[in-house]
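Asks: Generate a structure from the sequence data that follows.
(4 chains)
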There are 4 protein chains.
Amino acid sequence: MVSFESDYIAGAHPQIMKRLAETNLECLSGYGTDKYCESAREKIRAACRCEHAEVEFLVGGTQANAVIISTMLRDCEGVIAAKTGHVSVHEAGAIEYTGNKVLELPEQNGKIVPDMLAGYVADFYADANHEHMVFPGMVYLSHPTEYGTLYTKQELEAIADICHQYGMTLFLDGARLGYGLMSRESDMTLCDIARICDVFYIGGTKVGALCGEAVVFTKNNKPRHFMTSVKKRGALLAKGRLLGIQFDALFTDDLYFKISSHAIEMAERMKGIFEGKGYKFHIESPTNQQFVILENERMERLKRDVAFSFWENLDEKHTVVRFATSWSTTEEDLMALERALG
Amino acid sequence: MVSFESDYIAGAHPQIMKRLAETNLECLSGYGTDKYCESAREKIRAACRCEHAEVEFLVGGTQANAVIISTMLRDCEGVIAAKTGHVSVHEAGAIEYTGNKVLELPEQNGKIVPDMLAGYVADFYADANHEHMVFPGMVYLSHPTEYGTLYTKQELEAIADICHQYGMTLFLDGARLGYGLMSRESDMTLCDIARICDVFYIGGTKVGALCGEAVVFTKNNKPRHFMTSVKKRGALLAKGRLLGIQFDALFTDDLYFKISSHAIEMAERMKGIFEGKGYKFHIESPTNQQFVILENERMERLKRDVAFSFWENLDEKHTVVRFATSWSTTEEDLMALERALG
Amino acid sequence: MVSFESDYIAGAHPQIMKRLAETNLECLSGYGTDKYCESAREKIRAACRCEHAEVEFLVGGTQANAVIISTMLRDCEGVIAAKTGHVSVHEAGAIEYTGNKVLELPEQNGKIVPDMLAGYVADFYADANHEHMVFPGMVYLSHPTEYGTLYTKQELEAIADICHQYGMTLFLDGARLGYGLMSRESDMTLCDIARICDVFYIGGTKVGALCGEAVVFTKNNKPRHFMTSVKKRGALLAKGRLLGIQFDALFTDDLYFKISSHAIEMAERMKGIFEGKGYKFHIESPTNQQFVILENERMERLKRDVAFSFWENLDEKHTVVRFATSWSTTEEDLMALERALG
Amino acid sequence: MVSFESDYIAGAHPQIMKRLAETNLECLSGYGTDKYCESAREKIRAACRCEHAEVEFLVGGTQANAVIISTMLRDCEGVIAAKTGHVSVHEAGAIEYTGNKVLELPEQNGKIVPDMLAGYVADFYADANHEHMVFPGMVYLSHPTEYGTLYTKQELEAIADICHQYGMTLFLDGARLGYGLMSRESDMTLCDIARICDVFYIGGTKVGALCGEAVVFTKNNKPRHFMTSVKKRGALLAKGRLLGIQFDALFTDDLYFKISSHAIEMAERMKGIFEGKGYKFHIESPTNQQFVILENERMERLKRDVAFSFWENLDEKHTVVRFATSWSTTEEDLMALERALG
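Replies: Okay, the predicted model is just below:
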């Protein structure tokens, strides 16, 4: 059966597997102090054109979100996120578990709207009782969002301006960053992201790695004794090499961007297949996740041949489902999908 | 200057002060084990007509909310509250500080709507990925709400039914419970509250005490070793007598209800004064807090003679302000207000 | 029955009760912003001869410890305490509940020994793996200690020097501070405490108040938005006047010191009574708590007439028990004790 | 340069790398629901001869400790550990970060002594004030310990008896479990561990895997909705296959035990080399970590050719250092060590 269930259904990109095998017998120091972590850091700094960037590796996305938010917020602060943001909905309360509140904003297509953000923060400071409330200390956004949508450079800069006007940190969750950067509709490069955001991460898990997220602090703002804080959160990997070698491979010969481009190319062709057969999309996504509206009976039949994931019930007769592409999606997969759609 | 700023501007009701003075020299054991705590517990059980109720005293409302929620939720659970609920907005993230998420629902007049609650929980369990989300484990509601409004018995029972259908605890924040029970529009007694809710508290701080909230567990559901959990949260008072004596006084000769009735009577008359002069209300409140719309210039003038509290900006020219009555509100206060309104 | 069970068996000193009664009808703003809180702050600053001191009021000792420690430590840090320190043993894990580790040191007579402290911290920084460990960020000590013993000025200064050498905060728990200052063996004044420590609190609960501890930040080091952090921990009292009025009374006409002196005087006489009858002390305490060794049968008989508290089993036939004096201890109490001892 | 720095200096055992490569293109579901996780669970249950055991995979040791302890303790409880236990010293306060106290016991050779444990718990319950203290709810022990030492079956059973007498959970940290089981001095099998302990984990990271620990709940005691609790702690791996495939390989053809045996064999021969040259050991370790006393000048010279790790300063002239073996230690490594020792 062909699968478009998610972008983490396969193992790692073969080039990553090759490097893990080649380096397997080398004796390396632990906890992210090895030469491959160092090399990966250097390559990421170069790719960001941000020489002073501080780069640290974590294992997964929820973990990265919890570590970054809880080490960068001050005691009186919380983090603003779209109501549909991953930290708001799908992390089982991991941010709250660290003692910090997620302040939810309404969203449009999964995105925070700069004007709403500005209004929210202005209202907060206008409130005479705001000392009894959680201060907005950080803005969390995901790019691409949970709906596959993208911020424009103008939007991201507008959000950054609001953040800096009010002393808030701008944090971008890039679990699928590559797919955003390689989207035909993107008007931003990795350098733009690094220039505009205060901290972000470059997702590995969903972009060809076995696991791993590379956190980039761009404003000399890495929390002091960060390694200890990571350890304290149970997030420090003994064989840090596992992350370093993977990111070193991803940032060698543009592998990260090639993987992302391939998935985007596959997604565009998949989109064409659905459109050609008259299917409608729930949302216009320019990235590797496509949200298709299926008539329920058809959905049940399709399930026999193709794996995809449930998104939400649209109405009594229709369901929104998600098809995702990744480094491992092949032309054969697309042909199988086309056949299954009948 | 006359003040309607809040219902905690004065000290304690004279009867409470009298009892504190009379008992002052008695040697009593600490931490809520003294005879006055025991007597207050007994009187509260009788007033609730709930013999098996377990009653414990805490110092303040935010503390009570944090202690109750964090000791009663299971690890995978969060607490549902109206978006305007005190735990959602005005507790500086105290619930999240305990590691637990507040799941916000839209509200109507400050109240949770049973149908919306039912829909929210049904959607949660329908979601294939709900194991990645915070489980709804408790419903928090305030009665009266932050807007002075009241649930009807039918509404509260409907919410309780939903809670019990899904294994959720129904928790009622009664920081101003007396004003709700004594409102002309109330169709519930204290016994109804005790019968319908799983846990609630009878507010003292805002109903005539110096401090103190009496938490009532109605279903043999007091968490085991609750005293230790209270201590762990820094909420155990050494001189527990301070709480016991006050609640013993409040539940002697119906003082709690008399205080509340008085404030309601004063609020009704205050309402009449505003209406008589053509003022509009932002919301129809049947309890001791009245939310009046003031033209901004008039508001500034009024401030010179009367204390009240800012609620929110309505539009460029109007502000919503709150006037609260309490045990200490006098006829003279009302007359002074009437004069000041001109 | 006469009671020496603790120093919080009675209500408040009559002068405090008088002030609470006199001010009861005044309309005051909430949350510690009223004029009595302000006046108390000013008087405490004067008593400390520390004009820039920042003073805040909290309800109880465990709460004060948890709030101070958790708002002042950095993420990678923990607090050093004697193994017998209140935060180590008798707070039900309140410090750990805030996510912070208590680093226990061996003690001598309940006190931290400067040399051991220096050794501990030096060893920490000498450890090549100390980034995997909790950094020592604060030293907690109680004065008087849980055993009634006192630090000398030289000892406290030595500890302060070590703290400042390693960037640690020196925090003194003064739940019973008055009894320490008024002890015949004390060589420190309140000004010394304020000069040497970075933060400390002046205990009210155990020195004549109904409740309340006055936290003093002496180095312009009050955490930013402290009120919000206090609220977040459920520790902000709505009727803050309850604390302000009490501390205003305690620091008027030296009441705090007179209360303490009286208890010390009573303790010295009580000590004489025990000595005169040949009883032995478990520890040499110069303050208001006396730890007496009782033969078990005698202890059982004594219990019929006198209340005291169990401290620990010494051996099969003897028990250590505690007798405490306070503002409420009278000559009659001592005579009754003498009679009961036979 | 030859390295004995730790047992996680190399990548994974070649058999694991092979399986990761072979399965790399397979489409598998995420979060530990794939067939390899299921197969690994089944094989571990069989190896433990415990059919009802519930097995879950986590990424690392500190994470496993924090997740297990914080999901299994009740609110009033803490976890007992030896003063030298990993959770006490080298996890940067990860347990306290979850809000739970580590109750430290004195140790002998890194081990908890049954009599001391029994005394500690008995004393706790004998204390009249124990409701103000953290209840002992779990015993944590590591096997082998941080010093490479082993519990005997009799000791472990004695500890289990005490645990069960007082309603405590017995949790064994098996980060290096294989080396314990394969030690010549071990009198326990994996089945004994599974029978005696309530929960334990089989360490992968330090026994040949890239990462991963297999947690085994032996008494139908896996916390409800454990996946959600794991997610909440940022510990849920999206590509759960990475853990499942590795443990499936480790428990195929006894690979886990073979890896462990090899390391033990190498450690024994290394021990012989040191002994043959007259070196002394700081502690008698029967497992893969050897703690050797080196004269400081000799240590400095040795560092040029051999990597090992600092343990502690013994005296002014001597240092204790650790040499560890693992799956990757070769005869050539031992010969190189022998040459370097001169």
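Asks: For burial, what's the neighbour tally of the residue nearest to A:Val207 when sequence neighbours are not counted?
Replies: Using CB to CB, 6 or more residues apart in numbering or on different chains and skipping the chain neighbours, the partner closest in space to A:Val207 is A:Gly178 (4.4 Å). In short, each C-beta sits where N, CA and C put it, glycine included. Residue crowding around A:Gly178 was assessed by other CB atoms under 10 Å in any protein chain shown; the count is 32.
Asks: Thought A:Lys258 was touching A:Gly178, still the case?
Replies: No: look at A:Gly178 against A:Lys258 with CB atoms under 8 Å: they stay out of range, at 9.3 Å.
Asks: interface residues of the stretch 1-150 of chain A facing chain D?
Replies: A:3, A:5-6, A:8-12, A:14, A:17, A:20-21, A:23-30, A:59-63, A:65-67, A:91-94, A:97 (CB under 8 Å from any CB of the partner chain).
Asks: about what we covered before: residues contacting the residue nearest to A:Val207?
Replies: By CB atoms under 8 Å, 6 or more residues apart in numbering or on different chains, the contact set of A:Gly178 is A:Ile202, A:Gly203, A:Val207, A:Tyr256, A:Phe257, A:Ile259, A:Ser260, A:Ala263.
Asks: That one sits in which helix or strand?
Replies: Taking DSSP states H and E as the definition, A:Gly178 sits inside helix A:177-181.
Asks: just A:Thr145 next, same as before
Replies: Per DSSP H and E, there is no helix or strand for A:Thr145.
Asks: How about it, nearest residue that isn't a chain neighbour?
Replies: Per CB to CB, 6+ apart, closest to A:Thr145 is A:Gly110, 3.4 Å.
Asks: Now do the contacts for that neighbour.
Replies: Contact analysis of A:Gly110 by CB under 8 Å, 6+ apart lists A:Ala82, A:Thr84, A:Ser142, A:Thr145, A:Glu146, A:Tyr147, A:Gly148, A:Thr149, A:Ile283.
Asks: mind checking the SS state of the second one?
Replies: Same thing as A:Thr84. Three-state assignment for A:Thr84 (DSSP: H, G, I helix; E, B strand; the rest coil): coil.
Asks: and it, what pLDDT?
Replies: Per-residue confidence (pLDDT) for A:Thr84: 96.
Asks: I'd like to know which residues of chain A are adjacent to chain C.
Replies: Checking chain A against chain C by CB under 8 Å from any CB, the hits are A:71, A:74-76, A:99, A:131-135, A:223-225, A:227-229, A:231-232, A:236.
Asks: how about a cut-off of 7 Å?
Replies: By CB under 7 Å from any CB of the partner chain, the residues of chain A that approach chain C are A:71, A:75-76, A:99, A:131-132, A:135, A:223, A:225, A:227-229, A:231.
Asks: Which members of these are positioned in strands?
Replies: A:Phe135 (DSSP state E).
Asks: so which two of the residues of chain A next to chain C are the farthest from each other?
Replies: A:His132 and A:Met227 (35.6 Å; CB to CB).
Asks: more neighbours, these two?
Replies: A:His132 (20 against 16).
Asks: pLDDT value on that one, please?
Replies: 97.
Asks: who touches the nearest residue to it once chain neighbours are set aside in this structure?
Replies: Among residues not flanking A:His132 along the chain, B:His90 sits closest, at 4.9 Å (CB to CB, 6+ apart). By CB atoms under 7 Å, 6 or more residues apart in numbering or on different chains, B:His90 lies in contact with A:Asn129, A:His132, A:Met133.
Asks: next one: phi and psi at B:His90?
Replies: phi -110, psi 30 (degrees, to the nearest 10).
Asks: any idea how far A:Leu73 is from the closest residue to A:Asn129 other than its chain neighbours?
Replies: Excluding the flanking residues, the one nearest A:Asn129 by CB to CB, 6+ apart is B:His90, at 6.7 Å. Distance of B:His90 to A:Leu73, computed by CB to CB, to the nearest Å: 19 Å.
Asks: Nearest the geometric middle of chain A, what residue?
Replies: With distances taken as CA atoms, centre = their mean, chain A has A:Ala175 as the residue nearest its mean C-alpha position (2.0 Å).
Asks: Now the residue lying closest to it once chain neighbours are set aside: phi and psi?
Replies: Distances taken as CB to CB, 6+ apart put A:Gly203 closest to A:Ala175, at 3.9 Å, once the chain neighbours are dropped. The phi and psi values for A:Gly203, taken as degrees, to the nearest 10, are phi -70, psi 130.
Asks: partner residues bridging A:Gly203?
Replies: On the basis of DSSP bridges, A:Gly203 is bridged to A:Glu213.
Asks: Quick check: it touching A:Arg176?
Replies: Yes: look at A:Gly203 against A:Arg176 with CB atoms under 7 Å: they come within range, at 5.6 Å.
Asks: how much space between A:Gly174 and chain D?
Replies: 15 Å (CB to the nearest CB, to the nearest Å).
Asks: For A:Ala209, see how far away that residue is.
Replies: 13 Å.
Asks: about what we covered before: which per-residue confidence value corresponds to the residue nearest to A:Asn129?
Replies: 96.
Asks: Likewise for A:Glu312?
Replies: So, for A:Glu312, pLDDT stands at 89.
Asks: what do you get for the one 5 residues further on?
Replies: You'll see A:Lys317 listed with a pLDDT of 96.
Asks: Mind listing residues that contact the helix or strand of chain A with the lowest mean pLDDT?
Replies: Among the helices and strands of chain A, strand A:309-313 carries the lowest confidence by mean pLDDT, DSSP states H and E, at a mean of 91. Strand A:309-313 is contacted by residues A:Glu5, A:Ser6, A:Phe291, A:Thr319, A:Val320, A:Val321, A:Arg322, B:Ala128 when judged by CB under 7 Å, 6+ apart.
Asks: residues near the first one, how many?
Replies: The burial count assigned to A:Glu5 is 19, neighbours taken as other CB under 10 Å.
Asks: again with the third one
Replies: The tally of other residues near A:Phe291 (other CB under 10 Å) stands at 18.
Asks: Specify the beta-bridge partners of it.
Replies: Residues in a beta bridge with A:Phe291, per DSSP bridges, are A:Arg322.
Asks: For it, give me its contacts.
Replies: A:Tyr147, A:Phe281, A:His282, A:Ile283, A:Ser285, A:Trp311, A:Val320, A:Arg322.
Asks: That one and A:Val321: what is the separation?
Replies: 7 Å.
Asks: Check the last one too.
Replies: B:Ala128 sits 11 Å away from A:Val321, taking CB to CB as the criterion.
Asks: And for the second one?
Replies: A:Ser6 sits 12 Å away from A:Val321, taking CB to CB as the criterion.
Asks: The longest helix along chain A near chain D anywhere?
Replies: Longest helix in chain A, counting residues (DSSP state H): helix A:255-276. No: using CB under 7 Å from any CB, we find that helix A:255-276 stays clear of chain D, coming within 14.3 Å at best.
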